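J.: task: produce atomic coordinates for the following.
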Amino acid sequence: MKSSFPSIFVSHGAPDLLLQSSPARDFLSQLGTHLGRPKAVLCISAHWLTPTPVVSAVPQPQTIHDFYGFPSALYQLRYAAPGAPELAIQVNQLLADSGVDSQVHPNRGLDHGAWAPLKLMYPDAEIPVTQLSLQLPQGTAHHLKIGRILEPLRREGVLIMGSGSITHNLQVLREFSSQAEPPSWVSQFDQWLADALLNVRIDDLLNYRQLAPYAAQNHPSEEHLLPLFVAMGAGGSIPKVTQLHSSFTYGVLSMAAYAFD
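T.: Numbering: from 1, shown residues only. This is a model prediction of the structure:
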């Protein structure tokens, strides 16, 4: 078990990621081996939104199937990892010590933003997992701050994982097949974000909505990009950024992944 981990951001794509062969699925299936085994996983998923930060302290999280209209086989999948109540208390204390109001939830399970990538990364489901919620109205700087508060956890063997999507416009998803090439408005945003990340242009990233091409078109709502800022913050004040993966699914979903160290 390693003593220190980078923080990471993964794009979890559509829920059927687990059922369909794709470069992103292959990548996530190897990512756990590449990273090594953490003591626990703290996941910040696009699919848990609360007014103030909330962390789950449930001892045995349920698998939440928070989607509809997909093949029945997907609803039979479970990820029976143990919870991480002690980590949840530690997260809550770190936030409180930094003046951030937060709460502990006694029984919130794992949504698909957490369990879908983890089922590929750590299929044995033996590593304790907990989730921390997002605050959608508070934007990028708030989530970068949250990540920086949580940075010490990485040196204790905790994998901090943001899970969302580098591009995420579901309003046009049905216009594309799963293997479709990305339209220019998707690829241009993806390339701008990659360049800003790899060159650690933090101010540009914080203001991506004003600076990046087609920002609002790729993110009509920000919840799928905000986990990136938590992961980036947890990498330190000026993190080393590595692109772990790049591919697209359904044309409009960039499956890019990054590490921060």
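J.: spatially central residue in the protein, please.
T.: For the chain, Ser163 is the residue whose C-alpha lies nearest the centre (CA atoms, centre = their mean; 1.3 Å).
J.: tell me the contacts of that one?
T.: Contacts of Ser163 were listed using CB atoms under 8 Å, 6 or more residues apart in numbering, and they are Phe9, Val10, Ser11, His12, Cys43, Ile44, Ser45, Ala46, Gly113, Ala114, Pro117, Pro227. Where you see a C-beta, it was placed from the backbone N, CA and C, and this is true even at glycine.
J.: do Pro85 as well
T.: Contacts of Pro85 by CB under 8 Å, 6+ apart are Ala57, Val58, Pro59, Thr130.
J.: narrow those residues to those that are buried.
T.: Among the contacts of Pro85, those classed as buried by 16 or more other CB atoms under 10 Å are Ala57, Val58, Thr130.
J.: this protein: strands as residue ranges?
T.: Using DSSP state E, the strands of the chain run over 7-11, 40-49, 54-56, 103-105, 129-134, 158-164, 241-245, 248-249, 253-254, 257-260.
J.: closest to Ile64 out of the ones you listed?
T.: Ranking these by proximity to Ile64 (CB to CB) places strand 40-49 first, at 8.2 Å.
J.: buried sites along stretch 226-239?
T.: By neighbour count on 16+ other CB under 10 Å, the buried set for stretch 226-239 is Leu226, Pro227, Leu228, Phe229, Val230, Ala231, Met232, Gly233, Ala234, Gly235, Gly236, Pro239.
J.: right, I mislabeled it, should have said stretch 56-67
T.: Applying a neighbour-count criterion of 16+ other CB under 10 Å, one finds Ser56, Ala57, Val58, Pro61, Thr63, Ile64, His65 buried in stretch 56-67.
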